[in-house]
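Participant: With the input below, show me the fold.
(one chain, ligands or ions: 1)
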Amino acid sequence: MQTSFSVFLLSVLILAGLQFTYAHPPDLVRNPSTTHNSRSPTTPCTSTNLLQNPSFETGSVSSWTEFVTGSWASRGISKDAPHSGAFAFRAVSNSTSSSTLTLAQYEIGAPDSGEMRVGAWVFAAGGVGEMGSVKFTLFAGGRVVGEVVLSARSGWGAWSQIGADVGSESLRAMTVTVVVDAGGVVGEGIVVGVDDLWVGLVC
Ligand SMILES: *[C@@H]1O[C@H](CO)[C@@H](O)[C@H](O)[C@H]1NC(C)=O
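Facilitator: The predicted structure is shown next:
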């Protein structure tokens, strides 16, 4: 587990650094997906998942680097309602305002060319008021490849898929950033989950 010192700044620097690793202009992202329970990144017609520990089935956050800001009552691997398998990453924010959480994996080693499918399953639940929401953003090689905002009004308490098919361009890093906004409500906490991440060539 990482401590939360200056992590926001660190995340920003890292994301900025990822941008600089791209000499080429970014491809247009096709089919950015915020659909619910549609085609899974683990469905057939995808090749090997290039991520290490993509579904946290090691029972730990090994291979992932974690950055947090704000207030989290708990954070780590849980057996509580994973998207698939036995485990998912799960965190509970007890902040009344905003907290962030980032999971990053580096040195993915995608090929120099080809079309990559990049995806993740995300979850948000817990006690929030009308103003509370959770925003998930998926970055691959410094580009946004998926984003969804879940709130008490939509997608709350169900797993949602985000992702897209993008050009490979030696994609090296994948990052999921979670921004929890409790909207000023002191509740039981906002629960967020991440599971079944995917980076693989589209076949
Ligand atoms: C949030 O949870 C942490 C860890 O249990 C605790 O130290 C902190 O006091 C809690 N904050 C609030 C506002 O409840």
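Participant: what's across from Val191 in the sheet?
Facilitator: Beta bridges link Val191 to Val92, Ala125, judged by DSSP bridges.
Participant: and the residue most central in space within the chain, what does it touch?
Facilitator: Residue closest to the mean C-alpha point of the chain, counted by CA atoms, centre = their mean, is Val176 at 2.8 Å. Residues in contact with Val176, defined by CB atoms under 8 Å, 6 or more residues apart in numbering, are Thr102, Leu103, Ala104, Ala120, Val122, Phe136, Thr137, Leu138, Phe139, Val194, Leu197. C-betas here are computed from N, CA, C, even on glycine.
Participant: Show me which residues of the protein are close to the ligand?
Facilitator: When proximity is defined as CB under 6 Å from any ligand atom, the chain approaches the ligand at Ser71, Ala73, Asn94.
Participant: Not counting its neighbours along the chain, what's nearest the first one?
Facilitator: This means Ser71. Sequence neighbours aside, Ser95 is the residue nearest to Ser71 in space, at 4.0 Å (criterion: CB to CB, 6 or more residues apart in numbering).
Participant: hang on, the one you found in a helix?
Facilitator: No: counting by DSSP: H, G, I helix; E, B strand; the rest coil, Ser95 falls outside a helix, being coil.
Participant: Can you give me the distance of it to Ser133?
Facilitator: 13 Å (CB to CB, to the nearest Å).
Participant: The nearest residue to Gly109 once chain neighbours are set aside: what's it in contact with?
Facilitator: In space, not counting the residues next to it along the chain, Gly109 is nearest to Leu50; the distance is 6.3 Å by CB to CB, 6+ apart. Counting by CB under 8 Å, 6+ apart, Leu50 touches Ile108, Gly109, Ala110, Val199, Gly200.
Participant: wait, doesn't the third one sit right on Val166?
Facilitator: No: if you go by CB atoms under 8 Å, Ala110 and Val166 don't touch, sitting 9.9 Å apart.
Participant: Which one of these two is surrounded by more residues?
Facilitator: Neighbour count, other CB atoms under 10 Å: between Ala110 and Val166, Val166 has more, with 26 against 23.
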